[in-house]
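Peer 1: Everything below, folded, please.
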Amino acid sequence: MKHTSSLYYSFGINLLANKKERYRMNTMKKTFKKLLPYAFVGIISGATAVGAIKYFDSSATGSDSSYFTKESKNATFAGLNAGLVGDDFVKAAKMTVPAVVSIKSYSDRTSNRPSNRPSEQDLFDWFFGEGQRQQQRQQPPQNMPSGLGSGVIISPDGYIISNNHVVAGANKLEVVLSNRKTYIANLVGTDPNTDISLLKIEEKGLPYLNFANSDNIEIGQWVLAVGNPLGLSSTVTAGIISAKGRGIGILGAQGKAANPIESFIQTDAAINPGNSGGALVNINGDLIGINSAISSTNGYYQGYGFAVPANLARKIVEDIKKFGLVQRGFLGVNSLDLSDERQVLAYNEQKKTNIKAGNGIYVTGVSENSGAEDAGLRTGDVIVQVDQIKITDFADLSLSIGSKRPGDRVTVSYLRNGKENTTAITLKDQNGGVTARTKADLTVTEKIGAEFEPLSDRFKTDYGLTSGVIARNVVEGSEMDKIGVVKNYIVMEINGKPVNSQKDVDKILDKYEGNVQVKYVDEYGRITTRGFKMP
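Peer 2: Residues are numbered from 1 along each chain as shown. Here you go, the predicted model:
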């Protein structure tokens with residue numbers, strides 16, 4: 001429609017210069033007037049298609065600098081009467097805009113630290129060699145946010161849902177309402193596996209959005225995306241639902257999620273950096289998703305946006321509010337997505353098998369003491385349905401199971417030797433439990449978000465260290481992550497006591513309450529002491 005508009009404009013200029021064109025232009029004007037309502041819909045639609053998944057460098061300010069890849073798909077528009085849709089858009093926008101906030105994150109961390117150093121010698125070169133030669137990156141001024149994103153008020157008393165990547169690593173979070181009123185927010189909890197976070201501001205009587213049942217959405221349905229893209233506050237864009245149950249491999253690959261749940265709503269409503277954590281609503285103004293990612297070749301709007309479904313997002317924040325952490329049920333199987341031909345081909349080459357691509361999830365292994373083992377699932381079974389949900393790919397399975405809690409029972413249909421079987425499975429947590437856990441039940445590693453491995457005596461002798469452990473599996477947004485400890489940093493002391501093993505760390509922090517002091521060595525060989533309050 002942009003081409004049509006520019007063509008119409010050029011005809012207007014020629015009309016002034018050439019009287020012979022007037023009759024033809026009058027005829028065309030009448031035609032354009034008849035088509036104007038449809039052109040209006042097309043212009044709105046064309047102006048709102050979305051951008052792509054490239055994980056922006058977290059060192060850049062503007063941080064929702066979030067999730068981006070270069071994978072993209074084509075999408076098309078469905079026509080509808082412009083007048084009717086326009087009225088619905090106005091009503092939905094009026095309901096939504098006051099409940100969508102801007103989130104400014106502040107952090108004094110450096111970014112893009114090297115990682116994946118496998119050996120202790122590599123560690124030393126990293127800390128005291130290569131790291132020393134690198135120019136220290138400048139930090140933004142303390143009064144400048146290191147990241148910008150969006151959030152949605154979901155209760156009148158100040159609970160706000162957003163993305164995990166919007167708040168990860170922040171030591172201060174500032175929330176700005178659509179009326180410009182500002183608050184300092186408390187981070188209640190996060191879940192990297194779904195890219196959801198929950199914040200709280202102290203206020204009453206706030207406008208908020210209701211969660212809709214995202215299971216009821218349909219492809220082609222009109223939606224609005226509301227957020228703060230590129231620093232432009234309270235921006236509303238329109239589009240349709242382009243696809244459901246979309247897995248794009250972003251959370252595990254770039255979001256540091258250990259057990260990612262990806263079953264995104266895909267939309268062509270315009271989403272750009274800064275929209276992350278904002279609202280995707282239907283024309284009634286009900287919340288159907290939390291905008292999280294885009295997919296394009298340039299990092300900006302190109303027509304492909306992705307939102308966490310409302311049902312999954314609601315379950316995550318309910319868990320965080322009630323238990324302090326997410327309650328996640330697991331089947332207990334290793335799996336192969338039969339819908340992914342490349343994955344199937346790679347598996348066949350590695351295992352010397354001849355599995356055929358298709359629909360469903362092929363079971364490649366069953367965990368001990370899992371619900372799947374208890375129910376009799378075996379390697380070679382193909383899962384085709386969970387409860388009433390047909391399982392065509394891993395996105396279907398991850399959503400159907402990931403939205404359940406330990407102790408929940410699901411009915412699983414699977415193929416074995418070409419015959420379909422059905423069994424009831426009780427989901428368990430990763431430790432084999434079937435009851436809810438609270439923060440008091442967590443291990444030290446789970447509370448602080450890192451594991452530790454000992455340094456060899458030779459390494460400590462060669463480099464003059466009397467103590468130290470290597471940080472491993474640092475969880476994004478965890479307490480260790482917030483104070484700047486990343487994978488392969490050396491933690492020397494905790495609360496003034498030397499540590500040389502995971503057991504030392506556990507002994508110091510088990511059942512500990514209060515402030516924790518951590519002394520560690522960064523990639524430049526600098527010894528830093530930072531702290532946090534024990535969760």
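Peer 1: Need the per-residue pLDDT for the residue sitting nearest the centre point of the chain.
Peer 2: Centre of the chain computed as the mean C-alpha position; nearest residue by CA atoms, centre = their mean is D195, 3.0 Å away. Model confidence at D195, given as pLDDT, is 94.
Peer 1: low-scoring stretches of this structure, by residue?
Peer 2: Applying pLDDT under 70 to the chain flags residues 1-87, 108-142, 253-256.
Peer 1: so where's the longest strand in it?
Peer 2: strand 235-246 (DSSP state E).
Peer 1: That strand packs against which elements?
Peer 2: When contacts are defined as 3 or more CB pairs under 8 Å, 6 or more residues apart in numbering; DSSP states H and E, strand 235-246 sits against helix 22-46, helix 82-96, strand 222-227, strand 264-267, helix 394-402. Quick note: C-beta positions are derived from backbone N, CA and C, even for glycine.
Peer 1: could you redo the last one with a cut-off of 7 Å?
Peer 2: Counting contacts by 3 or more CB pairs under 7 Å, 6 or more residues apart in numbering; DSSP states H and E, strand 235-246 is packed against strand 222-227, strand 264-267, helix 394-402.
Peer 1: that older thread, next, the contact list for the residue nearest to the centre of the chain, please.
Peer 2: With contact taken as CB atoms under 7 Å, 6 or more residues apart in numbering, D195 is in contact with N163, N164, H165, L251, G255, S292, V308.
Peer 1: Stretch 209-222: end-to-end distance?
Peer 2: Start-to-end span of stretch 209-222 (CA to CA, to the nearest Å) is 18 Å.
Peer 1: residues of that stretch that come out buried?
Peer 2: L209, F211, A212, S214, I217, W222 (16 or more other CB atoms under 10 Å).
Peer 1: who touches that stretch?
Peer 2: So stretch 209-222 is in contact with 78, 85, 96, 99, 152-154, 238, 240-244, 265, 279, 281-283, 286-289, 309-311, 314, going by CB under 7 Å, 6+ apart.
Peer 1: 6 Å instead, please
Peer 2: When contacts are defined by CB atoms under 6 Å, 6 or more residues apart in numbering, stretch 209-222 is touched by residues 78, 99, 152, 240-241, 283, 286-288, 309-311, 314.
Peer 1: residues contacting E453?
Peer 2: By CB under 6 Å, 6+ apart, the contact list for E453 reads I470, R472.
Peer 1: For it, name its beta-bridge partners.
Peer 2: Note on E453: beta-bridge partners I470, judged by DSSP bridges.
Peer 1: cool, Y414 as well?
Peer 2: Legend: beta-bridge partners of Y414 under DSSP bridges are I383, N421.
Peer 1: Please enumerate the helices of the stretch 51-200 of the chain.
Peer 2: Here the stretch 51-200 of the chain has its helices, by DSSP state H, counting those that start in this stretch, at 82-96, 120-124, 131-133, 164-167.
Peer 1: Can you check the contacts of D195 and name whichever has the most neighbours?
Peer 2: Of all the contacts of D195, S292 has the most neighbours under the rule other CB atoms under 10 Å, reaching 35 neighbours.
Peer 1: And that one, how far from G252?
Peer 2: The spacing between S292 and G252, counted by CB to CB, to the nearest Å, is 14 Å.
Peer 1: any chance of the helices and strands packed on strand 235-246 in TSV, plus distance to Y489?
Peer 2: Output for the helices and strands packed on strand 235-246, formatted as TSV (distance: least, CB to CB, whole Å):
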stretch	distance to Y489
strand 222-227	34
strand 264-267	33
helix 394-402	31
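Peer 1: Run a quick check on N228 versus P273, I expect a contact.
Peer 2: No. Between N228 and P273 no contact is recorded; they are 9.9 Å apart, counting by CB atoms under 6 Å.
Peer 1: rewinding a little: out of the contacts of D195, who's nearest G371?
Peer 2: Among the contacts of D195, L251 lies closest to G371 (CB to CB), at 23.3 Å.
Peer 1: what's the neighbour count on N417?
Peer 2: Residues contacting N417 under the criterion other CB under 10 Å number 7.
Peer 1: circling back to that earlier point, now a PyMOL select for only the buried ones of the contacts of stretch 209-222.
Peer 2: Buried residues among these (16+ other CB under 10 Å), as a PyMOL selection:
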select buried, resi 99+152+240+241+283+286+287+288+309+310+311+314
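Peer 1: nearest to S335, of the contacts of stretch 209-222?
Peer 2: Sorting the contacts of stretch 209-222 by distance to S335 puts P309 at the head of the list, at 20.7 Å, by CB to CB.
Peer 1: nearest spatial neighbour of the closest one, skipping sequence neighbours?
Peer 2: S214 (3.9 Å; CB to CB, 6 or more residues apart in numbering).
Peer 1: and if you look at K204?
Peer 2: By the measure of CB to CB, 6+ apart, the closest residue to K204 outside its immediate chain neighbours is D157, 5.8 Å from it.
Peer 1: cool, G227 as well?
Peer 2: Leaving out its chain neighbours, G227 is closest to G278 (CB to CB, 6+ apart), at 2.6 Å.
Peer 1: and the gap between that neighbour and L224?
Peer 2: 10 Å.
Peer 1: These two - which one has more neighbours?
Peer 2: In terms of neighbours (other CB under 10 Å), G278 is the more surrounded of G278 and L224; the figures are 34 against 25.
Peer 1: thinking again about what came up before, so which of the buried residues of stretch 209-222 comes closest to K351?
Peer 2: The nearest member of the buried residues of stretch 209-222 to K351, counting by CB to CB, is S214 at 36.6 Å.
Peer 1: Torsion angles phi and psi at the closest one?
Peer 2: Backbone torsions for S214, taken as degrees, to the nearest 10, come to phi -70, psi -10.
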